[in-house]
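Novice: Okay, predicted coordinates and the sequence, questions at the end:
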Amino acid sequence: MSWRLYRAALEALGLTEGQLKGRAARQQIERRRNDEGAWEYWTGSGEPTDASPPSSGRTSTTPEDIAAAYELDLGDPAWVNRGRYVYDGRRREFILQTPSAGGLTVWSLDHVCQIWAAYLSGLTQHEVCREFGIADNLWLDAKRALRLTRQRAPWPDEVLAEGDEGELEEDWLRQREQRLHTRVKRREWERIARDAERWRVGPGALVDALKGREIRPVQLPPLPPRAPRAPHLAALWLTDAHLGERAHGELGDLDAQIAWVGEQIARAASEALDAWGAPAGWVLPIGSDLFHHDNPAQGTTRGTPQGASSVGSAQQLAVRVADLMAGVIGHLAASAPVQCPWLPGTHSSMWLALVLKAHFREVPRVQFDVGEARRKMILHQGVPFLFDHQDQVRWRDYPALLAVEAARAGATRIEHGAVFCGHLHRDQVEETVMGIRLIRSRALAHEGDWGAGQGFGQGEPAVPVYRLTERGVKGVVWS
């Protein structure tokens, strides 16, 4: 009989541990598990036989059984019996009682220390099993055998007995550092997983609805040709449109809403050209609650249900609004270049900005800013104009905020700057605070069923176009 256990096989074959493991992995040496779960290697000549070594006939893993199976010397002081496991100090191996794995499992000291440190760092059972490729039932047996709990010392007893106190202290500090990194990493991955899931069931699903579908821009009446006058920008401020909301009154369906918004935009742009001539460029912010719901569950970005106050599915809304905004951008670009900064809000719209950016990728007159900054700044002849939804900033904090962000952006004439916001669905509000003009535009959305029922009331919806000059905001027209 030439089946031998690991250490005996090393001596019989005259190999190093790496050579034996390598040849076994390449199937150059046959190996198998015996009745106790230990590896045996074929060291004889010719083909291996199926004959097994004499079995101890045992039904329990006593120290004598383990010593017989693993060729240990019971009298050797390096051999330590801990009840549910035996530690072989010469081989630096743990022989654990693991009934779920056939009786016994052998782990090296280094392997046990790695698992020990990982578990004490805060990893859960499933994370430990995934990290080290251990079956759940084997982990539970090994954890029980080692008496491993969260309150144990940072090392197994065998390391404490053998180690130098100074080295152990340094190792303990390194483990604390590693535990901190592990916690930070886990929280980061949890955040990534949440964001990925939010994207998958929200904007990602809407992007999927548009994949493979060619955008069909809504056709708006052509703008009248106008000669440019004093250089200015024309900012068409579409805040709080809430397309897809069940409106109180005649605009209670999605088709009517899309048609009405398109008409208002075309009228406002035409009146701006009549009043001021062709601009040096258009500013058309994308977002700021353009949608009433932004995922297939008809909820807000934060999960607030909107289904009872919504019309049309999220996919229908995505398709129709993409067509509408593509038509609007093309409509404006016929008379001047267009800047489209994306503005987040209570209802997400980044996916729309990304889809439209891809649609206009070969049109140099149309530029998008889809950065993650919640506020977007437009500079015109050194004057800063800040656009924000205003769901996270107090009204009177804007002047100081504008001063800081404008200086960072390179603005040279901050005293003429202005801030545009929305969010509150109130009537038009304008105020000068610390020399900075603050403008809260009325909502483009018609009053919804819920708001009407509560008696909130809001201003008459309309589309404003502001004239942005080197001396600030100098004019506004309404559709």
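Specialist: Structure received.

Novice: where does the stretch 51-200 of the chain have low pLDDT?
Specialist: 51-78, 161-184, 186, 193-200 (pLDDT under 70).

Novice: Show me where it has its strands.
Specialist: Applying DSSP state E, counting those that start in this stretch to the stretch 51-200 of the chain gives strands spanning 79-81, 85-88, 93-98, 103-108.

Novice: And the first one, how far out from the chain middle?
Specialist: Centroid separation between strand 79-81 and its chain, computed with CA atoms, centre = their mean, to the nearest Å, is 49 Å.

Novice: Quick check: buried residues in that strand?
Specialist: W79 (16 or more other CB atoms under 10 Å). From N, CA and C alone the C-beta is placed, and that goes for glycine too.

Novice: and if you look at the last one?
Specialist: Buried positions in strand 103-108, judged by neighbour count with 16+ other CB under 10 Å: 103-107.

Novice: Could you list the paired strands of that strand along with their orientation?
Specialist: According to DSSP bridges, strand 103-108 has the following sheet partners: strand 93-98 (antiparallel).

Novice: With the shortest one instead?
Specialist: With DSSP bridges as the criterion, the sheet partners recorded for strand 79-81 are strand 85-88 (antiparallel).

Novice: Pull the strand it pairs with out as PDB, backbone CA atoms only.
Specialist: The C-alpha trace of strand 85-88 is given here as PDB (Å, rounded to 0.1, in the frame of the first residue of the first chain):
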ATOM      1  CA  TYR A  85      -8.900  21.000  17.600                       C
ATOM      2  CA  VAL A  86      -5.300  19.900  17.800                       C
ATOM      3  CA  TYR A  87      -2.400  22.300  17.000                       C
ATOM      4  CA  ASP A  88       0.800  20.800  15.600                       C
END
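
Novice: about what we covered before: so of the buried residues of strand 103-108, which two are at opposite extremes in space?
Specialist: Farthest-apart pair in these is G103 and W107; separation 14.4 Å (CB to CB).

Novice: List the buried residues of whichever strand or helix holds Q19.
Specialist: Assigned by DSSP states H and E, Q19 falls within helix 17-25. Neighbour counts using 16+ other CB under 10 Å place 20, 23-24 of helix 17-25 among the buried residues.

Novice: pLDDT on it, on average?
Specialist: The average pLDDT within helix 17-25 is 79.

Novice: In TSV, list the strands of the stretch 51-200 of the chain along with distance to P279.
Specialist: Below are these laid out as TSV (distance: least, CB to CB, whole Å):
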stretch	distance to P279
strand 79-81	85
strand 85-88	80
strand 93-98	77
strand 103-108	74
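
Novice: between those strands, which gets nearest to A142?
Specialist: That would be strand 93-98 among the strands of the stretch 51-200 of the chain, by CB to CB, at 5.3 Å.

Novice: just how off-centre is the closest one within its chain?
Specialist: 41 Å.

Novice: CA atoms of that strand as PDB?
Specialist: What follows is strand 93-98, C-alpha atoms only, in PDB (Å, rounded to 0.1, in the frame of the first residue of the first chain):
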ATOM      1  CA  GLU A  93      -1.100  23.400  11.400                       C
ATOM      2  CA  PHE A  94      -4.600  23.300  13.100                       C
ATOM      3  CA  ILE A  95      -6.500  20.000  12.800                       C
ATOM      4  CA  LEU A  96     -10.100  21.000  13.400                       C
ATOM      5  CA  GLN A  97     -13.100  18.800  14.200                       C
ATOM      6  CA  THR A  98     -15.500  19.700  11.400                       C
END
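
Novice: So what touches it?
Specialist: Strand 93-98 has contacts (CB atoms under 8 Å, 6 or more residues apart in numbering) with 37, 61, 66, 70, 84-88, 103-109, 112, 138, 141-142, 145-146, 156.

Novice: switch the cut-off to 7 Å
Specialist: 61, 66, 70, 84-88, 104-109, 112, 138, 141-142, 145 (CB atoms under 7 Å, 6 or more residues apart in numbering).

Novice: now do stretch 264-279
Specialist: 220-221, 223-224, 226-229, 232-234, 236, 328, 331-332, 335-336, 462-463, 465, 467, 475, 477-479.

Novice: quick revisit: how about the buried residues of helix 17-25 in CSV, adding distance to L273?
Specialist: As requested, the buried residues of helix 17-25 are exported to CSV (distance: CB to CB, whole Å):
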residue, distance to L273
L20, 85
R23, 83
A24, 82
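
Novice: And the residues you listed, which is closest to R394?
Specialist: R394 has its nearest neighbour among these in A24, at 69.6 Å by CB to CB.

Novice: Am I right that S479 is in contact with A462?
Specialist: Yes. With contact defined as CB atoms under 7 Å, S479 counts as touching A462 (5.4 Å).

Novice: Please identify which of the two sits among more neighbours.
Specialist: Counted by other CB atoms under 10 Å, S479 and A462 do not tie: S479 has more neighbours, with 20 against 16.

Novice: Leaving out sequence neighbours, find the closest residue to that one.
Specialist: In this structure, S479 finds its nearest non-sequential neighbour in A268, 3.7 Å apart by CB to CB, 6 or more residues apart in numbering.

Novice: I'd like to know how many residues surround the one you found.
Specialist: 22.

Novice: Can you tell me the element it falls in?
Specialist: helix 254-276.

Novice: what about the helix or strand just after that helix, average pLDDT?
Specialist: Next helix or strand after helix 254-276 toward the C-terminus (DSSP H and E): strand 281-283. Strand 281-283 comes out with an average pLDDT of 95.

Novice: Find out how far strand 281-283 is from the centre of the chain, if you would.
Specialist: That offset, for strand 281-283, works out to 33 Å (CA atoms, centre = their mean).

Novice: Run through who's touching stretch 461-473.
Specialist: Contact with stretch 461-473 is made by 232-238, 264-265, 268-269, 272, 276, 380-381, 383, 385, 416-418, 437, 441-446, 474-479, as judged by CB under 7 Å, 6+ apart.

Novice: domain parsing for this protein?
Specialist: The chain breaks down by automatic domain parsing into domains covering 3-189, 216-478.

Novice: Could you identify which of those is most buried?
Specialist: domain 216-478 (a mean of 19; mean count of other CB atoms under 10 Å).

Novice: Centre of the chain to that one, how far?
Specialist: 27 Å.

Novice: if we can go back for a sec, what's downstream of the helix holding Q19, the next helix or strand?
Specialist: Next along from helix 17-25, by DSSP H and E: strand 31-33.

Novice: So for that following strand, mean pLDDT?
Specialist: On average, strand 31-33 scores 79.
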